[in-house]
Each structure stands twice: as structure tokens, then as C-alpha cells.
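Participant: sequence-free structure coming up:
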């Protein structure tokens, strides 16, 4: 298996080069369409709130697309220039309400420890083994069941995480000055932008527009975080057996979405390649996949298949599979 992984990794390395024209085109289209749709949502309030809610769906889609661009900037892959990546990522963080440098650090830890049972807790959906779950008290088992409920994760966990928890660098016991500046800087510019909008259009129209967009974007974002690593035949290993490249490839899914959804989510569903080589910009992931048929056969999930995995919650170390909860708490 190691030789196969090394060969696939070598293939992926050929697609690391960024393209400034493609990157800039993607950036302009995503931001301009997001702003146009925001104006359309505001105007639609005069027609009927049903139209505003309909427009919230593609608007949230462009928020996700902007987030993927920020994500690529954090990996240093969107442009070839580190300085440009950082500036673009910092600006976009105000739209995604996700502090750039703070999230970049957390996400780097996630990539460096994904599927490692001894280094859980950074950028992952919290996952317990069957043995760990059975060792919990009744109250803690119940709490974990609530947390892992897909409706709670998406409709409560997503909005709370992005809108509230990211306003303070709480993921680190002793946040560095860079983490503080990232979070507080993002908060400050969010206050200026959204405070100005509330002053200009009023708090009620702002909430009527922002609430559905935030709910849709964060819920879909959490689902993508979930399904990228939480599927039946994913991979988890303890430190002594863990290998970064092997875990990246076989612990991540290839979420084969319909083309329109793949476009809005910036190819992030091709997640096994992204984890194997995070230096590939999102606009080259499909090219990398198409040029190596073997990659199309690894951990493939369709949209319909993925829905069956929403109830998988525990890692069974014996069967090496993600399994659902037992019938009783």
C-alpha cells in the first residue's frame, strides 16, 4: 500500500502550480456575484420574503465558494505569492466570518493529524471509539449523542461555531499574539462592515437577509466537514501505526457531487486529493483527478450514498469501520 500511496502522491505533486488568471477570475466572479445577490435580496424584501429566502440559497452558495478561496489562501495554494494569499484571505474573512490566521493555524493542525486517534480535536467533528463511548457515564453518553445528531451539528453547531465561537481564540489554551490579532481584527472589521449596513438599511432587513444565508452556509459547511472524513470505511489509526499520506488518502472521501454543487463548493469534495497534497489549488483538483483513474475509485461517495452515513458516530477499532450508536444510551 505504501508504494501505491507514494505513486499517487507523486502524481498529485504535478498539479501544485497556481494560475493567477484562473485564481483572479474565480475570485472576481465569486465576490461580485455574492454582492449582486445581496443587493437582490435587499430589493426582494419589497416583493415578498419568500423571494428573499429563495435568493438566500445561491447567496449562501457563494459564501461557501468564497470560504474555499480563503481556505486555499490559507494553504498558500490560491496564488503563488504568500503575501497576496494572506491579503486576499484576510479580506475574505470578513465575508466568511472566519478569522484568517486563526483558522489557518487550526486547519494546518487538522491536516497534520487527521485520522490520528491520539491527536483528535483540531478541525474535526469530535469522534469517540466504541470503547471510549461505553466507558462514559449515562449523562456524557447522552451529551455525545446530542452532539453527534446531524440536525444538531448542522442547525445548531454550525451557526454557533462560525458566528459565536470564532469570535474568541478559544481553541488554544494560550493563544499567541497572532491568533489574538487575527480574531480581534476580523471582529473589528466585521463590526465596521455589518454595523454600517445595519445603520444604513436597519437591523430588521439586515437580520432577515443575514440569518438565512448564515444558517444555510454554515449548515452545509458543517455537513461538508462531516462527510469528508465521517464515512463507514474511513481510516483511524493510533500514533504508532499512523502515516500522514496513507491516512490523508484513505481517511478522506471523494464526494462526487452534481456539477453545480461541485462548482459552488470549489471542488472540496475531491477531498482525498486535497489532503494528500494541500498545495493543489481548488481549480486544479478536477484536473488531477481526471488524469489518474485510480483516484476516482478511492472512497467514492455520491450525494445519495452520503445521506446514509449521517448516523455513523463511533469508531469501531475491531472492525475498522465507523458505526452507528447502539440501540440504548
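Facilitator: Thanks, I have it. Computed from a prediction, not measured in an experiment: that's the story for all the values here.

Participant: what segments of this protein are strands?
Facilitator: For the chain, the strands defined by DSSP state E occupy 128-129, 254-256, 300-302, 312-316, 321-324.

Participant: neighbours of the nearest residue to residue 186 once chain neighbours are set aside, how many?
Facilitator: Distance criterion CB to CB, 6 or more residues apart in numbering; nearest residue to residue 186, sequence neighbours excluded, is residue 99 at 4.1 Å. In this view, the C-beta of every residue, glycine as well, is placed from N, C-alpha and C. Residue neighbour count, defined by other CB atoms under 10 Å, stands at 27 for residue 99.

Participant: for residue 99, give its distance to residue 188.
Facilitator: Counting by CB to CB, to the nearest Å, the gap from residue 99 to residue 188 is 11 Å.

Participant: quick one: contacts of stretch 162-179?
Facilitator: 96-99, 101-103, 105-106, 122, 180, 182-183, 186-187, 214, 218, 221 (CB atoms under 8 Å, 6 or more residues apart in numbering).

Participant: of all the residues in that stretch, which ones are buried?
Facilitator: Residues of stretch 162-179 classed as buried under the neighbour-count rule (16 or more other CB atoms under 10 Å) are 162, 166, 169, 171, 175, 179.

Participant: now stretch 298-314
Facilitator: Result for stretch 298-314 [16+ other CB under 10 Å]: buried residues 298, 299, 301, 306, 309, 310, 312, 313, 314.

Participant: distance to residue 72 and pLDDT added to those residues, as CSV?
Facilitator: Listed next are these as CSV, based on distance: CB to CB, whole Å; pLDDT from 0 to 100:
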residue, distance to residue 72, pLDDT
298, 22, 95
299, 22, 95
301, 22, 95
306, 23, 93
309, 26, 93
310, 27, 92
312, 29, 94
313, 30, 95
314, 33, 96
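
Participant: apart from its neighbours in sequence, what residue is nearest residue 152?
Facilitator: Nearest non-adjacent residue to residue 152, counting by CB to CB, 6+ apart: residue 146, 5.8 Å away.

Participant: coming back round to it: out of the buried residues of stretch 298-314, which is nearest to residue 234?
Facilitator: residue 299 (7.5 Å; CB to CB).

Participant: quick one: closest of the strands of the chain to residue 5.
Facilitator: Proximity to residue 5 (CB to CB) singles out strand 254-256 among the strands of the chain, at 15.0 Å.

Participant: any idea how far residue 136 is from residue 128?
Facilitator: Counting by CB to CB - residue 136 and residue 128 are separated by 8 Å.

Participant: what do these two both touch?
Facilitator: Contacts common to residue 136 and residue 128, judged by CB under 8 Å, 6+ apart, are residue 144.

Participant: compare these two (neighbour count), which wins?
Facilitator: residue 128 (19 against 14).

Participant: who's the more buried one bridged to?
Facilitator: residue 314 (DSSP bridges).

Participant: hmm, residue 322 and it touching each other?
Facilitator: No - contact criterion CB atoms under 8 Å: residue 128 and residue 322 do not qualify, at 10.9 Å.

Participant: any idea of the pLDDT on the closest residue to residue 6 other than its chain neighbours?
Facilitator: Among residues not flanking residue 6 along the chain, residue 245 sits closest, at 7.2 Å (CB to CB, 6+ apart). pLDDT for residue 245: 94.

Participant: cool, and residue 1?
Facilitator: Looking at residue 1, its pLDDT stands at 63.

Participant: what do you get for the one 4 residues further on?
Facilitator: With respect to pLDDT, residue 5 has a value of 90.

Participant: wait, it sits on residue 247?
Facilitator: No - using CB under 8 Å as the test, residue 5 is too far from residue 247 to be in contact (9.7 Å).

Participant: who has more neighbours out of these two?
Facilitator: residue 247 (23 against 18).

Participant: where's that one relative to residue 45, distance?
Facilitator: Between residue 247 and residue 45 the computed distance is 48 Å (CB to CB).

Participant: show me where the stretch 151-300 of the chain has helices.
Facilitator: Per DSSP state H, counting those that start in this stretch, the stretch 151-300 of the chain carries helices over the ranges 158-163, 177-201, 203-227, 244-250, 259-264, 271-276, 285-290.

Participant: what is the least confident helix or strand in this structure?
Facilitator: Lowest on mean pLDDT, DSSP states H and E among the helices and strands of the chain sits helix 2-13, with a mean of 90.

Participant: packing partners for that one?
Facilitator: Here helix 2-13 touches helix 244-250, helix 271-276, going by 3 or more CB pairs under 8 Å, 6 or more residues apart in numbering; DSSP states H and E.
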